[in-house]
Structure formats: structure tokens, C-alpha cells
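Novice: Got a predicted structure here, sequence first:
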Amino acid sequence: MPPHLTNLRLLFSSANHHITTLPASSNLLSSSFPLFCQPKIQSLQLPRRIFPNTLRFFTTFSSYSRKPRRSSNRNSSSSPFSSTKQHRNSSTSNTRGRDNNFNKQKGGLSMELEKEAGSADNALESTFVYNKKRADGSEKKDLPRKALELKVRKLNPINTICYVQILGTGMDTHDTSPSVLLFFDKQRFIFNAGEGLQRFCTEHKIKLSKIDHIFLSRVCSETAGGLPGLLLTLAGISEEGMSVNVWGPSDLKLLVDAMRAFIPNAAMVHTRSFGPASDTSALVTPAKDVFSDPVVLIDDEVVKLSAIILRPSQAAEGSSTKKPGSQEADEHLVEQLSSSISKPRAEPSTKPGDLSVIYICELPEIKGKFDPKKAAALGLRPGPKYRELQLGNSVKSDRQDIMVHPSDVLGPSIPGPIVLLVDCPTLSHFKDVSSVQSLSSYYAGISGNSSSRTVNCVIHLSPSYVTNTIEYQKWMSRFPEAQHIMAGHEMRNIEVPIIKSSARIAAQLNYLCPQFFPAPGIWSLQHLKHIASDLRASSEGPFSDLCESIPAQNLLKFHLRPITQLGLDRSGIPDSASQSEIVDELVSRIPEITEASKQVSQLWLQNGKNERMSEQAKELPTEEPWLHNNELPACLEGVTREDLEIVLLGTGSSQPSKYRNVSSILLNLFSKGSILFDCGEGTLGQLKRRFGVDRADEIIRDLRCIWISHIHGDHHTGLARILALRRDLLKGVPHEPLMVVGPWRLKRFLDAYQRLEDLDMQFLDCKHTSESSLAALDSNEDIKDADRIRSQDQKIDSTLFAKGSRMQSYFKRPGSPAENAMVYPLLKKLMKVLREGGLQALISFPVIHCPQAYGVMLKAADRTNGAGKTIPGWKIVYSGDTRPCPELVKASKSATILVHEATFEDGLIEEAIARNHSTTKEAVEVGASAGAYRVILTHFSQRYPKIPVFDESHLHNTCIAFDMMSVNLADLPLLPRILPYIKLLFRDEMAVDESDDMNDIAAVA
């Protein structure tokens, strides 16, 4: 057998797949895999330097789920790509240098393929190309492992510039906790890293390179949802990477350990947990009562940073079922708090995520001005001793036999500024805030407290339903000289968009085509004013004037140094533009857009009619003849607007940008619930921006299933926040745990995360939702009686199947009776969930990207119309991240909609291969080969900030996805017809590599 086929057999035999070599005359060539077999299809023809010959035979193989066996000869060269032979000839000389440079950047990947032997094997028909090492997960093993150490920065004790700044993550959607930046000349401290933090920093060009410490006020998805993305960004700043300290209450190490599956170089994260911890190795707290005394975390010449741990009180928790934040609940809890504040502190059992923190940031005092006349009078000569005195050291007089102390020659010192960051997430935590004795030294006006230190600024991360209570307001009044900044979930901040660039694009698209780009669902300003008046009315009383405060705004600063600038700075707050202002600017820039918007409206008025558009409507823009093809698939017969809506929540790849969030797709089944395909960071915020806060909560309550394609962070790091919010919304309501379908490596992350907070979910491996697994659900009698299997497990001899024994490993191997007994109930539940949603099947299939990467096919159940005719159900296919492959073509056969990744433009085929992604042309032709009715392209590289580069000549029946794009099944015939109008909207835009912006953000200040 030829050596290249031997290597491929080794690769796929470990995954129980096979290689089949078919003659060109085989009947399977035109039926099973039309994309890869028909010579007329141009979908996968690569440049001639890759495939110069026309070949007669064809090799098919599937992707895999396990690593290939290692060859015994380690010195033998094997191709990192799976492909047919490539000949290097004179025609490739002009590209050799470029390819070599590209290969070096990809960690030594080479496009050179193995030579073949045998006359029969020198004529293969065609095949596809992908990065084998990346696909099986062995690519990074060839790279040297980084040993990252904490960097020791040279600090500037004078601190000519220091301030705290509000990073408004979550303010417009209430989905995460806002972040706070503590800025020094040589250091940056971040407090809380909610979802969307790195996207916010990208938008406003906030430099991340000097972040050495990240502090969490709670260890939960609300405060740490953006931590994976932030760490990935820090890791990619330079070749040597970055190292960072992450601080937080107990069991913080659990959170970081859970991320090891998808964060490279996990050694860069140094956990610094304080307080009680199950893992004592992560404990840095001195041996004292961590619930009463402050824990000093950092104490150097720049800042002293301490933490006070809060925990919910048992007395305040109670069993009330009143909605948190309601007036009744507030009065109930405040009454409990008032009666229990003076009582001894209880010792309730708390979960790690229940603990919160008050951070105290104290800057050193500023020494008084040096008086040289006093120094001369004490017998000192000008010189180094002057410097020692200014540094606080005593020196011996040059002319007198005395010691000169700093107080002898320095003026009065100025106390250093103090900032408090308070996170009191619930009223049940407020008892600790009120009774903690370690804060008494910061209170003003307390008898017997003559040495109280003045607090200059208090940033309240607590939600408004806590801060608006009488008791909390009275506590705030204990800091009369402090500037109180309310950074919690204030109602007035909902309409202010955090990501202004994305909001601007959404407003422009909404003006052009409101049918596919609905207006954002944020509350109107009139509604906000109504809420604000209610809040003012409810807060009227004798305590309302006790403490003045201001609402937090994006990029609001409070200067701490220089001392002459101490106070608020609103100069950096970005201006907000209304939707009408954005539209006016668009019309002035592109006057034709007004007529284009009218023409788009006419498309919906004329939908279903066989009349041509007016001559005026034809003038702009010019449409292709295929756009008027009105032939509908049978599944769209009699379809209504309440059947299905596909909402593209995130359409970018790798990491969020200011224009595109990372991958997430909502399948809105309206009254029958909804399903999420992938759930990248910021998915919750995107839901709330699209549907509004209340409607988004309803959608999350009614979620039926979340399906995750693979373990890469841009596809699942928003999952925990969605699950945690659903848990809270359904608290006290009878419900079933949410079904999450994903690769088994995702389960490891979720299992570790659930030790921090309950996610209220059940997990099902993608491999168990394959077509063969679902077919076995009804045919395999061995797994139907799950209770019988479990009872047999308990009766098995304990020594034969003891933990760690070979028999125990055999009995619980994949596909064993024990695993089948566990999986069967979950499959039954999944099928029940699908039936309740009017769906027939959810089938996962392997694709070529990374280990355990999957695509998915969702099929609706057939229906019967009024005449008794059976209407087939629609079929949606989502590719996930992949190279074109036979499994995807097979699953997409006759699909109603194929949502396919198109990470790269056609000219970047080599990079697409190296990264196991698809180009625009490849994605379109996968859909054409499978006979898909409509193709939606998504997952664009962030080098294309607004619209990707594409060749419209081959975009038949295809549309480009944008964030918040909503495609109703009833509007599907019109989907490709809006592409010419979108081109008009972005006609002046150029594909600028946004990675340049991201590099600027990460650059050293």
C-alpha cells in the first residue's frame, strides 16, 4: 500500500473510520459526495501550485474524534496536511518565499505533501485539504512550552498620575457587573471582568498590556464571565505571553482550573484566593478571622490594597418568595436586618459564589515640602542626605552631633487618598456591611474615633434595589466627604449603548432593512423617565438628602494623583448619538440610501407576486437575474411568521470586536421556546440588546436546549452566564434542568464551574446525538431498561469492578452498558424537548477543525395543512468551525438554511487550510453541492471590521450575516435580494485589518 494511504489509515483507524478508494466510474461518485467527486464543481480547486495534475481516483474519509496513533519512526517526515500529491516546479518559485514565511508563522506547518508511489496512485481524482495536526490537537505539542513567570515592574512611588475609571461593561443590558480600572503610571489593576470587558476596551482603545492584577468582588459568572477572553487577549499580546495575578474570595482556583481546557499556557494565571478555601494551597490569608478583619493583599510603596469579605446572613435569607427588588421584599428584608444588626454574626453555610468583597485602596501619604533653610540650620550640607530625609530616613548632622529626622525639615504630610469598592449583591449581605468593625476607622463623625481616615471615593457595585433602601443610604452617609459613584445596575443607563460602533451599524441597517434588522429592544427614553420618576418618588423621605451620589458613566474618572486634580473628571465620557442623528449622517453621506430603503420595503410588499419591479426600482442597485427565482421548497408552503426566526447574535471569530461579537445563533420558535447554537462571550448582552431586558429574560426562561460546536472560547464562554441567569429567573418555579449538548471536554469545564455556583443543567455529549446513536435509541434493547442496568451495576462484585481495576475501566468505557444506561434517559429527555418544540431531530456530526468539533442539523416535524396534505418540516444546518468535508455536505443535503462559517476571503486559502476554516467561496459551494435553499455566511475574521471581502458573482442564494440580523422563515425567499443594498450601504468601506487596532490596544503605553 502506498505510504500516504498507510499514514491516512493510521490516522482514521484509531477513530473507527475508514479510507475508501473508489474508481472514477463508481456510482457513488455522483450521489454520495457530489462536492468532492464531480469534476465540474469548482468548490475545492486550489491554486495550481498545490494541485497541478488532473487525477483519476478519489479518496474519501471522515473526520475523527481521537488522536492518531504515533508512528514508531519519530524521524520520519509526515505531512501536517491531508491532501493529494503536490509537485514543486518552476511555477511555484515566485511563491515559495511567501509560503515559507507563512509556514514559519504557523509553528512550522508546511504545505509540502508526501510523494506517492505506484502508477495507479499517481492519478487521484480530487480531494480536500486540511491541517491534520490542528485537527487532531497535536499542533501545539510541537511548539516549545512557555514557562511564564510573574513580571516584576519597577514601580513609581511618586505616582504622578493615578485614577479610578468606570469601564461600563453591562450597564446598558444589566447582564454583567461593571468593571473598574485602577490606573498607575507603571501598573493597571482591574476590578471585575464581566462579559464584554475586552470588547469594551477594544472599542475605547484602553490598553491592557500593563494589567498585572485582576480582582473579583465575587467568583461567579456575573463578575468573571469575561475573564477567559481577557486572559486569552493577554496571552496573545507578545510572543513571550503575559502573566497575571487573579484575586478573589475562596475557591477561585476552581474557576481558573475550569478554564484550562481552552486557555493556552494556563501557567500564566496565578490564582490568589483569600478567605476560606477548600484547597488550602490557594490560601494566602493570615491565620485570623477573615470575616471580621481586613485581608491585606498588596502593600508596597504604591498602594495598600485590602479586602473585607461579606457573606449572606441566614436571618435575611428567609423563605420569602417576593421578587428581589420589589418594595415588599425590600421592606421585609430591611425589617429583618434592622432587628439583627446588633446580634452576633451567624456562621451560615455558604457557597463559594455567595461570598462578596469590599476592596479598600489606600495610597501612601504625600510627604511635606522639604525646607532647605531648616536643614542648614540643623547643620546639614546639601547632598545625598537631603534625599534620604525626603524618603523618610533620619540622618546625622554634618556640623552638629545630633540626628536629624524627616519631621524636622519637612512640612506637614498630606494623607493619601482612599477609595472603597463595595459589592453588596443582595440585602442579605448588608448585615455584614453594617456590622463589620474594621470599617469603623473610615467612618466620619463617630464619637471616640478621632483618628478616622477620610474616604475620598466610594464606588458602589451593588444593585439599585439594594442601594435605594433606607438602611443602605444611612450607611452611605457615614462617608460624608466621599464622592459616591453608583456603578450598579441603574435603570437610567439601559439606553446608553456600551458598544457604540456596533450600535451605529445596527441603526444604519435598521434604516435600510427593518425586516431583517429590527430596531434594538432597549427601553425608550420616555419609559426610562417614567421609571426614574417612580424611583425618585419611592426614595422621598428624611433619608433622601443624607447622601449625595452620581450615576456611573462610561469612562468616568476620579483622579487621585496629582493631588491638585483630586476629584471627578467627565472629559472622557463619550458622546451619545441618537438613532435619528445616525440616520441623518448616513443620508448625508449616501443620499441614494433613502431610495434604497423604499425599494427594500417594496420587496416585502411584492413578495409572492410574479410581477416585475417598476423601472425606477430597477435603477438602483442592479440585481442579478437569479434573484427573481420564486421557486420555493415544499417546507415553506403555508409557513407563518410564528414558525421560526433565526437571530444571528454574534457573527465574528476568535475574539469580540467593536463591530462583531463572537459566535452565537438563536433559533426562536416563539411560543414553543428557543434553542441556542453556540454561546460565545457576551451572548446574554446581545440578547438583551436585540429583544430588550424583559423579553430577553423571557427567552432565557423558555430555552429548550443549548448546543455547543467545540471547546474554543469564542463559542462557549458565554454559556455559564446564560445558565446562571436562567437558574435565577426560574428560582421557586417548577422546571427541568436545561439540556446542554456539546463535546465532552466542555463537560469538564462545566463540572468544575458548578463547584462555584449551580448552573441547573444536564449535559449530553455530541457524540450521543449522532444519527447512528439516535437510530439506536429505538432499536437497541440493551439500553432501554436503564433502571435494570443501574440495579445490576450495584450488585456487581465490588472487587472485580473496584475503582481503578481493568474491569471497571472496561465496564465504563464509551459504548458500555454503564454509559448507555446513563445516556439513555438524557436522550429520551432531549427527544421530549424536541417534540414539545415541534421538532423531529437534532443530529450532531463531526467536522474538521479541532478535536471534538461538530456541526449540527435541526429538523422540524412534518405538518398537515387544512387540505390534509403533509408538508415536510424545515431543515437548518449549522457548520460550526470547519473545513469543507463530506459529513457537512451529507448533513446539508436539501437543507432549508445552511449557516456556514466563512472566516477568510478567497485569496487566503492557505491560511484557511492552516487554521482549518473555510473561505467564502468554499462555504457557498458547500451549500450549492448540498442543494441548500439558502446559505447564510458567518464567523468572519475580525480583519474585516464591517463587511467581509467576497466575490458577488458566486453568492447565489446567499447572504452575509451581521450581528442582530433576524431572518424569519417567512422572509426566506427575499434573503439574497438584500445583498445589493447592503453593498450600497458599505460601498465606501474598506476591509481594514482590525487586528491592528487590537495590537494598538495591547501595546505598551
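Specialist: Noted; the coordinates are in hand. Numbers count the residues shown, from 1 in each chain.

Novice: check contacts around H429.
Specialist: Counting by CB atoms under 8 Å, 6 or more residues apart in numbering, H429 makes contact with 310-313, 356. In short, each C-beta sits where N, CA and C put it, glycine included.

Novice: Give the phi and psi angles for it, as a check.
Specialist: H429 adopts backbone torsions of phi -90, psi -20, taken as degrees, to the nearest 10.

Novice: Tell me how far it lies from V422.
Specialist: Note on H429: its distance to V422, by CB to CB, to the nearest Å, is 10 Å.

Novice: circling back: check the contacts of H429 against D175 and report the nearest one.
Specialist: S356 (18.2 Å; CB to CB).

Novice: Test my guess that that closest one contacts R218.
Specialist: Yes. In this structure S356 lies within contact range of R218 using CB atoms under 8 Å: 4.9 Å.

Novice: Between these two, which contacts overlap?
Specialist: Jointly contacting S356 and R218 under the rule CB under 8 Å, 6+ apart are 249, 423, 425.

Novice: P463 is in contact with the last one, correct?
Specialist: Yes. Using CB under 8 Å, P425 makes contact with P463 at a distance of 6.8 Å.

Novice: So the two - more neighbours on which side?
Specialist: P425 (24 against 21; other CB atoms under 10 Å).

Novice: And that one, how far from F189?
Specialist: 21 Å.

Novice: pLDDT-wise, which helix or strand of this structure ranks last?
Specialist: Least confident helix or strand, the chain: strand 58-61 with a mean of 32, by mean pLDDT, DSSP states H and E.

Novice: just for the stretch 801-950 of the chain, where's the confidence low?
Specialist: Applying pLDDT under 70 to the stretch 801-950 of the chain flags the ranges 801-819.

Novice: which stretches of it form strands?
Specialist: 839-846, 854-860, 863-864, 870-871, 875-878, 897-901, 934-938 (DSSP state E, counting those that start in this stretch).

Novice: so which of the ones you listed gets nearest P364?
Specialist: Nearest of the strands of the stretch 801-950 of the chain to P364, taken as CB to CB: strand 934-938 at 51.9 Å.

Novice: Show me what that closest one is packed against.
Specialist: strand 645-650, strand 897-901, helix 920-930, strand 958-960 (3 or more CB pairs under 8 Å, 6 or more residues apart in numbering; DSSP states H and E).

Novice: Kindly recompute the last result at 10 Å.
Specialist: strand 645-650, strand 664-668, strand 875-878, strand 897-901, helix 920-930, strand 958-960, strand 965-968 (3 or more CB pairs under 10 Å, 6 or more residues apart in numbering; DSSP states H and E).

Novice: closest to G379 out of those?
Specialist: Nearest of the helices and strands packed on strand 934-938 to G379, taken as CB to CB: strand 645-650 at 72.2 Å.

Novice: Render the CA-only coordinates of the closest one in PDB, please.
Specialist: What follows is strand 645-650, C-alpha atoms only, in PDB (Å, rounded to 0.1, in the frame of the first residue of the first chain):
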ATOM      1  CA  GLU A 645     -36.800  33.100  13.400                       C
ATOM      2  CA  ILE A 646     -33.000  32.800  13.200                       C
ATOM      3  CA  VAL A 647     -31.300  35.600  15.100                       C
ATOM      4  CA  LEU A 648     -27.500  36.000  14.400                       C
ATOM      5  CA  LEU A 649     -26.300  37.300  17.800                       C
ATOM      6  CA  GLY A 650     -22.600  37.000  17.100                       C
END
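
Novice: what about that strand, average pLDDT?
Specialist: Here strand 645-650 scores 96 as its mean pLDDT.

Novice: Pull up the pairing partners for it, direction included.
Specialist: Counting by DSSP bridges, the strands paired with strand 645-650 are strand 664-668 (antiparallel), strand 965-968 (antiparallel).

Novice: D728 and L759 touch, don't they?
Specialist: No. In this structure, D728 is not within contact of L759 by CB atoms under 10 Å, at 11.1 Å.

Novice: neighbour count winner among those two?
Specialist: Counted by other CB under 10 Å, D728 and L759 do not tie: L759 has more neighbours, with 23 against 13.

Novice: does the closest residue to the more buried one other than its chain neighbours count as helix, strand or coil?
Specialist: Closest residue in space to L759, ignoring its immediate chain neighbours: L723 at 4.1 Å, by CB to CB, 6 or more residues apart in numbering. Three-state call for L723 (DSSP: H, G, I helix; E, B strand; the rest coil): helix.

Novice: Return the residues in contact with L723.
Specialist: Taking CB atoms under 10 Å, 6 or more residues apart in numbering as the criterion, L723 is in contact with 221, 679, 700, 703, 706, 737-738, 740, 750, 753-754, 757-761.

Novice: which SS class is S588?
Specialist: helix.

Novice: Tally up the residues packed near it, please.
Specialist: For S588, using other CB under 10 Å, the count is 9.

Novice: go on, the one 3 residues further on?
Specialist: Around P591 sit 9 other residues, with neighbours defined as other CB under 10 Å.

Novice: Which pLDDT value does the model give it?
Specialist: P591 carries a pLDDT value of 94.

Novice: Doesn't it belong to a helix?
Specialist: No. Judged by three-state DSSP, P591 forms no part of a helix; its state is coil.

Novice: Could you report the separation of it from D584?
Specialist: 12 Å.

Novice: how about the helices in the stretch 901-1005 of the chain?
Specialist: Using DSSP state H, counting those that start in this stretch, the helices of the stretch 901-1005 of the chain run over 909-914, 920-930, 979-985, 995-1002.

Novice: For the third one, which outside residues touch it?
Specialist: By CB under 10 Å, 6+ apart, the residues outside helix 979-985 that reach it are 505, 508-509, 511-513, 516-517, 586, 590, 592-593, 595-597, 599-600, 603, 620-624, 627, 946-947, 950, 952, 955, 958-960, 962, 978, 989.

Novice: got the buried residues for it?
Specialist: Of all the residues in helix 979-985, those buried under the rule 16 or more other CB atoms under 10 Å are 979-982, 984-985.

Novice: quick check: mean pLDDT across it?
Specialist: Average pLDDT, helix 979-985: 90.

Novice: returning to what we had before: redo the buried residues of helix 979-985 as CSV? Include distance to R934.
Specialist: Formatted as CSV, the buried residues of helix 979-985 follow (distance: CB to CB, whole Å):
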residue, distance to R934
L979, 12
P980, 16
Y981, 17
I982, 15
L984, 21
L985, 21
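
Novice: Closest one to V164 out of those residues, please.
Specialist: Nearest to V164 among those, counting by CB to CB, is L985 at 39.9 Å.

Novice: measure the closest one to G196 for me?
Specialist: Distance check for L985 against G196: by CB to CB, it reads 26 Å.

Novice: cool, R689 as well?
Specialist: Noted for R689: a distance of 11 Å to G196, by CB to CB.
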